[in-house]
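>>> any chance you can model this:
(one chain, ligands or ions: 1)
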Amino acid sequence: MAAGSGSMGCVADPAYDVVLFGATGFTGGLTAERLAAHAPAGLRWAVAGRNPAKLDRVRERLAGLGPAGAAVDVLTADVTDASSLRTVAEQTSVVATTVGPFMEYGDPLVAACADTGTDYADLTGEQEFVDRMWLAHHDRATATGARLVHACGFDSIPPDLGAYYTVLQLPADVPLSVSGFVRTAGDVSGGTCHSAIRAFSRVRQTTKVSEQRRTRESHARGDRQVHALPQRPTKAPDGRGFALPLPTIDPVIVRRSARAVSRYGPDFSYGHYALVRSLSIAVGAPVLLAGVLTLAQLPMGRDLLLRMRRQGDGPSAERRASSWFTVRFVGVGGGRRVVTEVSGGDPGYDETATMLAQSALCLAFDDTPATAGQVTTVQAMGDALLARLQATGMTFRVIEAADSASA
Ligand SMILES: NC(=O)c1ccc[n+]([C@@H]2O[C@H](COP(=O)([O-])OP(=O)(O)OC[C@H]3O[C@@H](n4cnc5c(N)ncnc54)[C@H](OP(=O)(O)O)[C@@H]3O)[C@@H](O)[C@H]2O)c1
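A predicted model of the protein is given here:
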């Protein structure tokens, strides 16, 4: 099986196509199942983690899921032992990881991949981590040819690929404006809860690191303009409910893709919102969020929040089966207006596991743009990943498209 032509990585003839780090955790276990059930024939892969007994149980479970499951190897590695991570990185084309909170555990594996020219995909939604990894490892990865692709789950593939899909429906080489509106129903795992609370407690550090990155990147900005749309609550575009600004990592990633890919046009704007149908939620959600943010600043409050969910736990199969998401986009420019939508099942876990597994396979095998260093999912995989996710049943569709005098 040929390695991805977009990969400039320098791992020569590695033993594995993909290594999944964190397979003993909740999301890692689901990702391993996706790989076992849907991997191409002949996939050379391994699961890696720190606990051999837990890994053996994962291997036994995977063996019952088809030929790829039976073919999995097991590697032992611990984030506290940098040499074990380098050994993993040296043996594979791609490492996919679910070992989070990434601010706590992520850096050594990114460093190992950047050093060895190994492609890397993770599930972080932690903006501080992504910016710190850019500052620390982007130049080295660019030199070795490693593609470092963060946020390959619900953060931030649906917004990133969805905005890209929307741009493809609009004319080229004209100013474009896109807004994304997110609706979800689902539950969160202990790992997600711990990552989010730690990120909430580091707002100041996140802002500082983001400024450092902006300063260093400002020298490399080209002529094309990319902006954030005003972030204030508005009426929902279909008139049913309200759109609240959603300051997650998603809009940051969408705008990074827009800066890197010329198809987004000479002047691109993006806004990102949560869509809520009822006034009580529109008023209550920001108040609740402000309360959680305040608690997360205090050690006692943080402990209280962290005790609400145990790491390793996550929503049951029944709960996940009734979970769903939609991200609706409104795009205007060049005299056209389009409404598109990305939708799927359980966002946080079932679809996230599929997205990470498909990202790893895409990096390993597909014909992708030639990139290196820290890159977004659109930059690294664009059309190839879009096609893969559509094939898994995730929906990308145009709902309305019309000429628009005001666009
Ligand atoms: N962006 C998204 O859309 C999205 C969606 C889902 C999850 N996530 C993120 O994914 C991460 C994992 O979530 P989760 O619920 O799956 O967490 P989890 O169940 O707690 O799993 C954490 C994994 O990390 C491993 N680990 C911890 N310390 C380690 C060490 N020193 N060396 C090696 N491995 C170590 C654990 O291994 P042991 O089993 O040995 O403890 C486990 O496999 C979180 O950061 C979460 O926010 C993001």
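
>>> burial measure for the residue nearest to Tyr120 when sequence neighbours are not counted, as a count.
Leaving aside its chain neighbours, Tyr120 sits nearest to Cys113 (4.0 Å; criterion: CB to CB, 6 or more residues apart in numbering). The way it works is simple: take the backbone N, C-alpha and C, and place the C-beta from them, glycine included. By other CB atoms under 10 Å, 32 other residues sit near Cys113.

>>> renumber starting at 827 from here on
Done: numbering now begins at 827, and the last item shifts to Cys939.

>>> which strands and helices sit next to the helix or strand where Cys939 lies?
Using DSSP states H and E, Cys939 falls within helix 933-942. Contacts defined by 3 or more CB pairs under 8 Å, 6 or more residues apart in numbering; DSSP states H and E place helix 933-942 against helix 908-916, strand 918-923, strand 945-948, helix 953-970, strand 973-975.

>>> turn those into JSON lines, columns for distance to Gly988, mean pLDDT and mean neighbour count.
JSON lines is the format used below for the helices and strands packed on helix 933-942 (distance: least, CB to CB, whole Å; pLDDT from 0 to 100; neighbours: other CB atoms under 10 Å):
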{"stretch": "helix 908-916", "distance to Gly988": "31", "mean pLDDT": "97", "mean neighbour count": "19"}
{"stretch": "strand 918-923", "distance to Gly988": "21", "mean pLDDT": "98", "mean neighbour count": "29"}
{"stretch": "strand 945-948", "distance to Gly988": "18", "mean pLDDT": "98", "mean neighbour count": "31"}
{"stretch": "helix 953-970", "distance to Gly988": "19", "mean pLDDT": "98", "mean neighbour count": "21"}
{"stretch": "strand 973-975", "distance to Gly988": "17", "mean pLDDT": "98", "mean neighbour count": "27"}
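
>>> quick one: name the residues of the stretch 827-976 of the chain near the ligand.
Neighbours of the ligand within the stretch 827-976 of the chain, by CB under 6 Å from any ligand atom: 848, 850-854, 875-877, 880, 904-906, 924-928, 931, 949, 951.

>>> might you report the residue contacts of the residue in the stretch 977-1126 of the chain positioned nearest to the ligand?
Closest contact between the stretch 977-1126 of the chain and the ligand, by CB to the nearest ligand atom, is at Gly1017 (2.0 Å). Listed by CB atoms under 8 Å, 6 or more residues apart in numbering, the contact set of Gly1017 reads Gly851, Phe852, Thr853, Thr924, Gly926, Pro927, Gln1137, Gly1138, Gly1140.

>>> out of those, which end up buried?
Gly851, Phe852, Thr853, Thr924, Gly926, Pro927, Gln1137, Gly1140 (16 or more other CB atoms under 10 Å).

>>> please identify the buried residues of stretch 1150-1166?
By 16+ other CB under 10 Å, the buried positions in stretch 1150-1166 come out as 1150-1160, 1162-1166.

>>> in helices only, show me these.
Members of the buried residues of stretch 1150-1166 lying in helices (criterion: DSSP state H): none.

>>> so which two of these are the farthest from each other?
Farthest-apart pair in the buried residues of stretch 1150-1166 is Trp1150 and Gly1160; separation 32.6 Å (CB to CB).

>>> how many residues are close by Thr1120?
Number of residues near Thr1120 (other CB under 10 Å) recorded here: 11.

>>> hmm, Arg876 is touching Val900, no?
No. Applying CB atoms under 8 Å as the test, Arg876 and Val900 come out as separate, 11.7 Å apart.

>>> for the residue most central in space within the chain, what are its contacts?
A centroid search over the chain (CA atoms, centre = their mean) returns Ala977, at 2.1 Å, as the residue closest to the centre. Applying CB under 8 Å, 6+ apart, we find Ala977 in contact with Asp948, Leu949, Thr950, Gly951, Val956, Ile983, Asp986, Ile1075, Ile1079, Thr1202, Thr1203.

>>> got the domain boundaries for the protein?
842-978+1176-1215, 983-1173+1221-1229 (automatic domain parsing).

>>> and the longest one, how far apart are its ends?
Start and end residues of domain 983-1173+1221-1229 are separated by 28 Å (CA to CA, to the nearest Å).

>>> can you give me the offset of that domain from its chain's centre?
Domain 983-1173+1221-1229 has its C-alpha centroid displaced from the chain centroid by 11 Å (CA atoms, centre = their mean, to the nearest Å).

>>> touching, Thr1197 and Gly971? I think so.
No. Thr1197 is beyond contact range of Gly971, at 9.4 Å (criterion: CB under 8 Å).

>>> which SS state does Lys880 fall under?
For Lys880, the assignment made with DSSP: H, G, I helix; E, B strand; the rest coil gives helix.

>>> and the residue lying closest to it once chain neighbours are set aside, how many neighbours does it have?
Nearest non-adjacent residue to Lys880, counting by CB to CB, 6+ apart: Thr850, 4.1 Å away. Taking other CB under 10 Å as the criterion, the count of residues near Thr850 is 23.

>>> what's the answer for Gln1051, then?
14.

>>> and the gap between it and Gly895?
Using CB to CB, to the nearest Å, Gln1051 is found at 48 Å from Gly895.
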